[in-house]
Structure formats: C-alpha cells, structure tokens
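Visitor: got a predicted structure plus its sequence, pasted below:
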Amino acid sequence: MKDKGILNTGIQVEGGWSIDANVFIDKNYNIEDIPFDDTLLFSAVNHITGKNISVTYENSNVGYSFDFCMLSRRLGEWHHDGAAIYKTIETGHQIDKLYNTLSEYLNPSKKELIPLKISSWTIVYNNLIRNEGLYDDIELIFSAVRGKLFIDITYNRNSEKPYYIYIGLSKYEYSQIIYSLNKPAREYQELFLKNIDEVVVIINDFLIEQDNYLSEISRKT
C-alpha cells in the first residue's frame, strides 16, 4: 500500500490496542536522526490479549530493540506488575525494518487496514478499508477513545454520504474497551462524508490535533 510505512508515519492497527507512544507521527521525525540512548519510540498494549510491545533505541552498539511483554492476569484484568513473559523479538540499526515488524503484532490477521497516525488512543474497533464493497450495508467500521474523547464511524451503503462520523467529548472518561459509546456527550459533532479519503483526513486530524479540532465543535447540551 502506498500509504503504509515509516516514511509516511501510517500504521495498521486492529481493535483492542492502545497506542501509548509513537514518535513516528511527529512531523519533525527524521529516520536518519539517531535518538539518545534508552529512548522509547513506540509502545502499545492490547487490552484484550494482554500483549505489550515497544520499540526503543538502546545505544550505538545494540541499536534499536523491539521488545515483547505478556502481562499477568488476575481478578479478570491484565496487570503490568508480575508480567509473565519478557523477550526481545529483534534488534538492529535499521529502524524501518523493526517498524515493519510492528504490523505482525498490531495487525496479525493481515487485513488491508488503512494506516493511521495514532498515538495515545485506544482503538476499540477497526475495519477501515478502501474497498467499501466488502462492507455490510450498515457496519461499524471504526471506534476509538482517549480519556473523554471519542470518535465513532459507521458505514451506511444506502446513504448519499455513506460515512457517518460522530466525534466529541464525553462527560466522563472511558476506562475500558467498549463497543458502545454509553457515556453522555458534553460536546460533539456529526459529519457525513462521501469517500474514504475524506474520512482518513478527519481521523488523522482528530487523533493528532484533537484540542484544536474540539475548539471548532459546537457545544451540545
């Protein structure tokens, strides 16, 4: 896919993942720059499977390190303390190679998801693809939350503008993976768009520049 890869800062992510850190979406990121020692570049945790992955620049000898951690589970929840498994998947000096390895964990089913610029968001569900012919007549295709922020996208084939986007700010924080936005919205906006490229622009703008974006949303009570 033309929009996949580190130089375009897009990444394919299935539902269940929280992307906690991602320096690759920074517009000032330069693949040729060498970070300081022990710099965390990317980290994510899957709230469904309990898998935790990270990419760190260790030092000039080791280079970059791709690490995996399996969280411990008790009382029906995943916990970082007492994690069951730690292992280094790969090391090397070519960050683009390690970056490509991320998709094996973030998108294990190898779906042709549209890469997005994501950091500090939990992806509740993602089936954002370019071939809308594969969608059901009505289908939830994307949902993500970050604290009180939310974005939810539905596809409706019978609508003139089939992509319905619901974004805004709830009164209470989302504290877990959910499949319905069951908290009352404090501010929100509804958008109806014709094509997927418009949708991707809105998603990336909202995920990265949500504060500026929310300032333009009309207050609803």
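Guide: Looks like it arrived, so ask away.

Visitor: any idea which helix or strand in this structure has the lowest mean pLDDT?
Guide: Least confident helix or strand, the chain: helix 210-214 with a mean of 57, by mean pLDDT, DSSP states H and E.

Visitor: show me where the protein has its strands.
Guide: Secondary structure of the chain, counting by DSSP state E: strands at 17-22, 39-46, 51-59, 63-70, 72-74, 77-79, 85-92, 121-126, 138-146, 149-156, 163-170, 185-193.

Visitor: what's the neighbour count on the nearest residue to Tyr29 once chain neighbours are set aside?
Guide: Here the nearest residue to Tyr29 in space, its sequence neighbours aside, is Val23; by Cβ to Cβ, 6 or more residues apart in numbering that works out to 5.8 Å. Using the backbone N, CA and C atoms, a C-beta is placed for each residue, glycine as well. By other Cβ atoms under 10 Å, the residues close to Val23 number 16.

Visitor: tell me the pLDDT of Val23.
Guide: Per-residue confidence for Val23 comes out at a pLDDT of 89.

Visitor: so what's it up against?
Guide: Shown in contact with Val23 (Cβ atoms under 8 Å, 6 or more residues apart in numbering): 29, 41-42.

Visitor: quick check, nearest of those to Asn195?
Guide: Asn195 has its nearest neighbour among the contacts of Val23 in Tyr29, at 28.4 Å by Cβ to Cβ.

Visitor: gap between the nearest residue to Tyr164 once chain neighbours are set aside and Ile178?
Guide: Nearest-residue entry for Tyr164: Thr154, 4.6 Å, with adjacent residues in sequence omitted and distances by Cβ to Cβ, 6+ apart. The gap separating Thr154 from Ile178 is 16 Å, by Cβ to Cβ, to the nearest Å.

Visitor: picking that back up, now, of the contacts of Val23, which are buried?
Guide: With neighbours counted by 16 or more other Cβ atoms under 10 Å, these contain buried members at 41-42.

Visitor: quick one: which of the contacts of Val23 is nearest to Ser65?
Guide: So of the contacts of Val23, ranked by how close each gets to Ser65 (Cβ to Cβ), first place is Leu41, at 9.8 Å.
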